[in-house]
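Enquirer: No sequence on hand, only this structure:
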Ligand SMILES: Cc1cc2nc3c(=O)[nH]c(=O)nc-3n(C[C@H](O)[C@H](O)[C@H](O)COP(=O)(O)OP(=O)(O)OC[C@H]3O[C@@H](n4cnc5c(N)ncnc54)[C@H](O)[C@@H]3O)c2cc1C
């Protein structure tokens, strides 16, 4: 084996082979894949090979489309067949809710250019005669679905990579990884060592173990998965190959396999495999069958597709494959480690492997994944993903693979895990909590314990009137919101200002002031939005999205000078409460000695204060669009602060409010939020953040690209719409129509209780951003008239928060 390579890819499953191919395609030829046995010796070899384009995250869906289109290319280069069968597929709905869900999926697919179609039961039965119509309410047809040969695909990638210059070494086990001071790696194997500039962990079933070699615990777990193949069926003789079908109610997928049918299931009582350590001697092995466990699904399957019942079972496959807690891959560099990359947790290798390889290779070669891959970025997880947390969440995800996730549905596994000191106090006020990074945070407050439950729905839920009351309290008197679920960073040192000025697009505020700022990558795209609070000349308290903490830290580390500034994430050290509404100042003024008048403490001021006996940072800032203050205290003071605000607040009409009301109010103000309006596919001008980009500064990351965007105007615009919706509001990812054509997509939506109207934020082409009429937004399959607003729906001038 050679002793040096620019990149060592560990793992010759479909994912490692795809990464290898994409690296050569991107121009890196000095690349080596090390596989401990033969290629496909993990989960790849026994996969059912099914592939499809539909995914809950539209950006992941795009990469799935790419993967499927790639097979022709690697077949052509390698001469190796991928065994592609594009049969088309149908997703069968047994209930009205499922049909609504399919309509939403179809609508999402529309702006991605996917050709999905909602069809009647009769039409479905024509396409897929094996189904018993009585069990279904409708279906969605997708022409681009089918299956491939897992062996063929992996070898086609591998051969294409070799033709492109890559090396592949088999029967060699990577046993350890040792970092050198310059960021390169010694890859230790049982057949000698390789010195590599970069290492990619594509270890599949063993990715956890490879992660442990460098001291990280990746949040992945393998689950046992079973499918069976029936005996030959006379019903299939002389017919065109059957479609792929998903029967959600039976939690079953089926497709033709030669003369019989292949039927697999994601059963409710899924069983994890190798919960702590994956054995190295597991190879092209199968696990013992357990038909008993999947019997309930089989029973439904045989009822829904009666011909299968009589066909007999020819073969059963039970094999393990890995999942991350949300079921999407883990891709990207690991913060704190130089030149160490992961491409693992890929549960749908034949739909996603190509996209994963493309994104990772671009990231390694160009420094940027080239697409919005937040949905599969390994940095979306932080240190709350312990082994047991991952275990609980992966089991939940597996069991819900074919379940509907309602927009207001909070999942129960691994909860409550992280709580703030006032958790029980909020619970006593009938808070309905949501889970955010494993942290409980109040979504809304019910009038009684009995009513403290969200009834899941695609339409306005039972929470609607209570959220309305919370918004009204903020509008008319004062509301109290827990804001602990934000990311916070303590930035200190003599070079704080210089460094932040280089990292952020806006200027660093003066001491005692706050500035909002986008953070851009070199391509001038949005990779963050922050509130910079200047505590002292050499100290800034930075507030941003908590879910992106690891993502931000990775970026900060990459751009950290050798000395003069240090960044420390402190999200859980500083918890917070916010008071908002016209009476918020009068309330807070009774508790602090500082003058809170606009003259003395104007909008966007920030200061250390004592609130009663509680020391904290107070910022005059507002995400509700009303007069408001955010108070950050260390966790030991939060209960005292809460009690004080609640007790004093009584005479000011204080009411508690939660995340749902906040979301509705920020949409009324056209305020965007991370992973919705702000993502790495948008520039600051497109997102309406131009006033926070300071071109008077000589230099900051993304400056020249942002200047180009400013000159060119950008392709898209974020627009606020008032929607003539009836009983369901937009939530995000709905298509925006104009004059009968899909022209854009919704990023967020809600009912605006202070303006008494349904609202949506979304992107449309810049050329259409000034169109006055002709817009529609499709919500659960129905198009509703949408009126473009020229400013925020609530308090357009911003007087309420400033005065
Ligand atoms: C029963 C079943 C049905 C499935 N059906 C489908 C389907 O229909 N469609 C679909 O898209 N997906 C399906 N999958 C999932 C699919 O198999 C996975 O998404 C895919 O195999 C993941 O590939 P991978 O390369 O990440 O991992 P793996 O296939 O596990 O590959 C990892 C490789 O790394 C090697 N390796 C690990 N550690 C080391 C080391 N230290 N040194 C050297 N080599 C190492 C291993 O030997 C192995 O070959 C199914 C899986 C199962 C089990």
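Expert: Perfect, I can see it now. Please read these numbers as outputs of a predicted model, since none were measured by experiment. Numbers count the residues shown, from 1 in each chain.

Enquirer: show me the contacts for residue 91.
Expert: 54, 102, 105, 139, 140, 142, 245, 246, 248 (CB atoms under 8 Å, 6 or more residues apart in numbering). C-beta coordinates here come from the backbone N, C-alpha and C atoms, glycine included.

Enquirer: What does the residue nearest to the last one when sequence neighbours are not counted show for phi and psi?
Expert: To tie it back to what came earlier, the one meant is residue 248. Leaving aside its sequence neighbours, residue 248 sits nearest to residue 402 (CB to CB, 6 or more residues apart in numbering; 4.8 Å). Note on residue 402: backbone dihedrals following degrees, to the nearest 10 are phi -110, psi 20.

Enquirer: do the one 10 residues further on as well
Expert: Note on residue 412: backbone dihedrals following degrees, to the nearest 10 are phi -90, psi -20.

Enquirer: got the contact list for the nearest residue to it once chain neighbours are set aside?
Expert: Spatial nearest neighbour of residue 412, chain neighbours left out: residue 396 (7.6 Å); criterion: CB to CB, 6+ apart. Taking CB under 8 Å, 6+ apart, we find residue 396 in contact with 411, 412, 413, 414.

Enquirer: Just the buried ones among those, please.
Expert: 411, 413, 414 (16 or more other CB atoms under 10 Å).

Enquirer: State the distance from whichever residue of the stretch 451-600 of the chain sits closest to the ligand to residue 393.
Expert: Per CB to the nearest ligand atom, residue 550 is where the stretch 451-600 of the chain lies closest to the ligand, at 21.5 Å. Residue 550 sits 17 Å away from residue 393, going by CB to CB, to the nearest Å.

Enquirer: Remind me which helix or strand residue 186 belongs to.
Expert: Using DSSP states H and E, residue 186 maps to strand 185-189.

Enquirer: what is the orientation angle of whatever helix or strand comes next after that strand with strand 185-189?
Expert: Next helix or strand after strand 185-189 toward the C-terminus (DSSP H and E): strand 192-201. Here strand 192-201 runs at an angle of 110 degrees relative to strand 185-189 (axes from the mean of the first three to the mean of the last three CA atoms, to 10 degrees).

Enquirer: Which helix or strand lies directly C-terminal to strand 192-201?
Expert: Later in the chain than strand 192-201, the nearest helix or strand by DSSP H and E is helix 207-213.

Enquirer: Who are the packing partners of that next one?
Expert: The elements that helix 207-213 packs onto, with contact taken as 3 or more CB pairs under 8 Å, 6 or more residues apart in numbering; DSSP states H and E, are strand 174-179, strand 192-201, strand 340-344.

Enquirer: can you tell which of those strands is closest to residue 281?
Expert: strand 174-179 (14.0 Å; CB to CB).

Enquirer: could you check whether the closest one is close to the ligand?
Expert: Yes: judged by CB under 6 Å from any ligand atom, strand 174-179 and the ligand are in contact via residue 174.

Enquirer: roughly how far out does that strand sit from the chain middle?
Expert: For strand 174-179, the separation from the chain centroid amounts to 31 Å (computed by CA atoms, centre = their mean, to the nearest Å).

Enquirer: Pull out the buried residues from that strand.
Expert: 174, 177, 179.

Enquirer: repeat for stretch 308-320
Expert: Judged by neighbour count (16+ other CB under 10 Å), stretch 308-320 contains these buried residues: 308, 311, 317, 318, 319, 320.

Enquirer: circling back to that earlier point, winner for burial among the helices and strands packed on helix 207-213?
Expert: Highest mean neighbour count of the helices and strands packed on helix 207-213: strand 340-344, a mean of 26 (counted as mean count of other CB atoms under 10 Å).

Enquirer: List the contacts of the most centrally placed residue in the chain.
Expert: Closest residue to the average C-alpha location of the chain: residue 375 at 3.5 Å, with CA atoms, centre = their mean. Residues in contact with residue 375 (CB under 8 Å, 6+ apart) are 57, 59, 60, 328.

Enquirer: For the residue of the stretch 601-750 of the chain found nearest the ligand, grab the count of nearby residues.
Expert: Among all residues of the stretch 601-750 of the chain, residue 733 sits closest to the ligand, at 22.9 Å; criterion: CB to the nearest ligand atom. Residue 733 is flanked by 22 other residues according to other CB atoms under 10 Å.

Enquirer: Next: residue 137.
Expert: With other CB under 10 Å as criterion, residue 137 counts 17.

Enquirer: Could you pull out the strands in the stretch 201-350 of the chain for me?
Expert: For the stretch 201-350 of the chain, the strands defined by DSSP state E, counting those that start in this stretch occupy 221-230, 244-247, 252-257, 260-265, 272-273, 313-323, 330-333, 340-344.

Enquirer: Partner strands of the first one, with direction?
Expert: By that I understand strand 221-230. According to DSSP bridges, strand 221-230 has the following sheet partners: strand 260-265 (antiparallel), strand 272-273 (antiparallel), strand 313-323 (antiparallel).

Enquirer: nearest to the ligand, of those?
Expert: Closest among the strands paired with strand 221-230, using CB to the nearest ligand atom: strand 313-323, at 3.2 Å.

Enquirer: how much does that closest one deviate in direction from strand 252-257?
Expert: 120 degrees.

Enquirer: Setting aside sequence neighbours, what's the nearest residue to the residue of the stretch 601-750 of the chain closest to the ligand?
Expert: Spatially, and ignoring its direct neighbours in sequence, residue 733 is nearest to residue 108 (4.8 Å; CB to CB, 6+ apart).

Enquirer: Right, I'll call it a day here.
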